[in-house]
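Sequence and predicted structure below; questions after.
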Amino acid sequence: MFAKDMDFAAWRKKHGQDPHSLVADPRFVDARAGDFRLKPESPAITKLGFVPFDYTKAGRTTPPSMTKDLPPVPRAFD
């Protein structure tokens with residue numbers, strides 16, 4: 001159920017919102033073990049055209065010395 005007693009399709013029709021959204025099992029390799037890579041049959045790949053990327057290469061690309069004057073990261077994000 002999406003909202004109260006409606007499934008997502010009924011909610012979308014009633015409110016006219018999210019006409020292009022997709023609600024589906026993402027088909028992770030092994031989410032319980034923390035492996036969130038997508039299986040080849042994932043709807044993110046087959047229906048949305050998502051191209052998996054190497055997440056280990058994502059993130060900061062500048063050395064800390066170049067951002068030393070920025071405010072500190074809040075503790076909640078450590």
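Thanks, I have the structure now. Residues are numbered from 1 along each chain as shown.

helices or strands up against the strand or helix carrying Arg12?
Per DSSP states H and E, Arg12 falls inside helix 8-15. Judged by 3 or more Cβ pairs under 8 Å, 6 or more residues apart in numbering; DSSP states H and E, helix 8-15 is in contact with no other helix or strand. Placement of C-beta: from N, CA and C, glycine included.

Pull out the buried positions in that helix.
Arg12 (16 or more other Cβ atoms under 10 Å).

what does that helix contact?
2-3, 6, 18-19, 21, 23 (Cβ atoms under 8 Å, 6 or more residues apart in numbering).

and the residue nearest to Lys39 when sequence neighbours are not counted, what does it touch?
With sequence-adjacent residues excluded and distances taken as Cβ to Cβ, 6 or more residues apart in numbering, Lys39 is closest to Arg27, at 4.4 Å. Arg27 is in contact with 38-39, 41-44, counting by Cβ under 8 Å, 6+ apart.

And the helices in this structure?
For the chain, applying DSSP state H gives helices covering 8-15, 43-46.

And the pLDDT at Met66?
For Met66, the pLDDT comes out at 75.

contacting residues for it?
Met66 neighbours (Cβ under 8 Å, 6+ apart): none.

Quick one: residues contacting Ser42.
26-28, 50.

Dump those into CSV; add pLDDT and distance to Gly34 as well.
Formatted as CSV, these follow (pLDDT from 0 to 100; distance: Cβ to Cβ, whole Å):
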residue, pLDDT, distance to Gly34
Pro26, 95, 14
Arg27, 97, 16
Phe28, 96, 10
Phe50, 94, 20
